[in-house]
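In: sharing a sequence plus its predicted fold:
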Amino acid sequence: MILGIGFFLGMRHATDPDHVVAVSTIVSRESSIPRAGWIGVLWGVGHTITILLVGAAIILFGLVIPPRLGLALEFSVALMLILLGVLNLTGAMKWISHKLSPTHPDLPSSQTSEHSHVHFHGGKIHVHPHSHDRGAEHHAKEVDPPHWLASPFVKLGWFHSLRPLLVGIVHGLAGSAAVALLVLGTIHDARWAVFYLLLFGIGTIAGMMLLTLAFAVPVTVAGNRFAWISRTMVAGTGVLSLAFGLVVAYHIGIVDGLFSSHPSWTPH
């Protein structure tokens, strides 16, 4: 029963305000509902990795996180929210995405009038340069992509895949201590406690996927019909992320005393 509750608590954990703000800022630029769902899954996987590793170290080896380190980990979440907000508001996120995502790779054989996309034909993934000029042959030249590109990551692009994964890892570092201490107070068998963390993480993955889909469906449908809605969502989530990050940074740095000589930290 407790393990079952752990799964649903993980789903509930996905709805924490800082999680929602971070993921909505990332998803606001997506125009595909499946891509948004994958972003939620990858965020949950990153979060689960650190929850499981750090939480297991606390449970199995009695690892103690000093107050200043705990506050610093939470402060990193605030900095990340500020960065995501600035990138969205300045348009830098779009530029970085285009440069680092292999869904539009630059090929040596491409001409100046050509560009390239990752395509799916006959159940296989490949990339080829092509031109949309009148009379141009769309599939005139084809280049096989590196064989190690997995389908979901190819669809998202490596930048779009690594970004939610790293954001989830940072959030997991900040919340690992609280989750582990909660488990220690409830389950006294270390093996079952670690298994609880795993179920908690799986619940977080499921919850974040549902959350991103719930956010993406109306925004994507409306944004594909009305461009101003998409621009408004990008700007709105950017402002929200920036403002929320500044508030969290102030609370951790000044109120909780990260930058003072006597920091006060309560894992939550």
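Out: Thanks, I have it. Numbering: from 1, shown residues only.
In: residue 204: which element?
Out: Using DSSP states H and E, residue 204 falls within helix 190-225.
In: and the angle from the helix or strand that comes right after that helix to helix 190-225?
Out: Downstream of helix 190-225, the first helix or strand assigned by DSSP H and E is helix 227-250. On the basis of axes from the mean of the first three to the mean of the last three Cα atoms, to 10 degrees, helix 227-250 is oriented at 140 degrees to helix 190-225.
In: residue ranges for the strands of the stretch 51-200 of the chain, please.
Out: 115-121, 124-130 (DSSP state E, counting those that start in this stretch).
In: rewinding a little: counting by contacts, list what the helix holding residue 204 packs against.
Out: Secondary-structure packing of helix 190-225 (3 or more Cβ pairs under 8 Å, 6 or more residues apart in numbering; DSSP states H and E): helix 2-13, helix 17-27, helix 33-61, helix 158-184, helix 227-250. Bear in mind the C-beta positions are built from the backbone N, C-alpha and C, glycine included.
In: pLDDT on that helix, on average?
Out: What helix 190-225 shows for mean pLDDT is 88.
In: among the helices and strands packed on helix 190-225, which is nearest residue 69?
Out: helix 158-184 (9.4 Å; Cβ to Cβ).
In: identify each buried residue in the closest one, please.
Out: For helix 158-184, a neighbour-count test (16 or more other Cβ atoms under 10 Å) marks 159-161, 163-165, 167-183 as buried.
In: again with stretch 245-261
Out: 245, 248-249, 252-253, 256-258.
In: low-confidence ranges in this protein?
Out: Scanning the chain for pLDDT under 70 picks out the ranges 93-158, 223-224.
In: middle-most residue in this protein, spatially?
Out: What sits nearest the mean C-alpha location of the chain, by Cα atoms, centre = their mean, is residue 164, with 2.0 Å.
In: would you confirm that that one contacts residue 36?
Out: No. Counting by Cβ atoms under 8 Å, residue 164 stays clear of residue 36, with 10.1 Å between them.
In: could the helices and strands packed on helix 190-225 be laid out in a markdown table, adding distance to residue 265?
Out: Converted to a markdown table, the helices and strands packed on helix 190-225 look like this (distance: least, Cβ to Cβ, whole Å):
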| stretch | distance to residue 265 |
| --- | --- |
| helix 2-13 | 19 |
| helix 17-27 | 16 |
| helix 33-61 | 15 |
| helix 158-184 | 9 |
| helix 227-250 | 14 |
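In: so which of these gets nearest residue 216?
Out: helix 33-61 (3.4 Å).
In: what's that closest one packed up against?
Out: Against helix 33-61 (3+ Cβ pairs under 8 Å, 6+ apart) you get helix 17-27, helix 151-156, helix 158-184, helix 190-225.
In: quick one: closest of those helices to residue 267.
Out: The closest of the helices and strands packed on helix 33-61 to residue 267 is helix 158-184. By Cβ to Cβ, the value is 3.8 Å.
In: gap between that closest one and the chain center?
Out: Centre-to-centre, helix 158-184 and its host chain are 9 Å apart (Cα atoms, centre = their mean, to the nearest Å).
In: tell me the angle it makes with helix 17-27.
Out: Using the same axes, to 10 degrees: helix 158-184 against helix 17-27 is 170 degrees.
In: mind giving me the packing neighbours of helix 158-184?
Out: helix 17-27, helix 33-61, helix 67-90, helix 92-100, helix 190-225.
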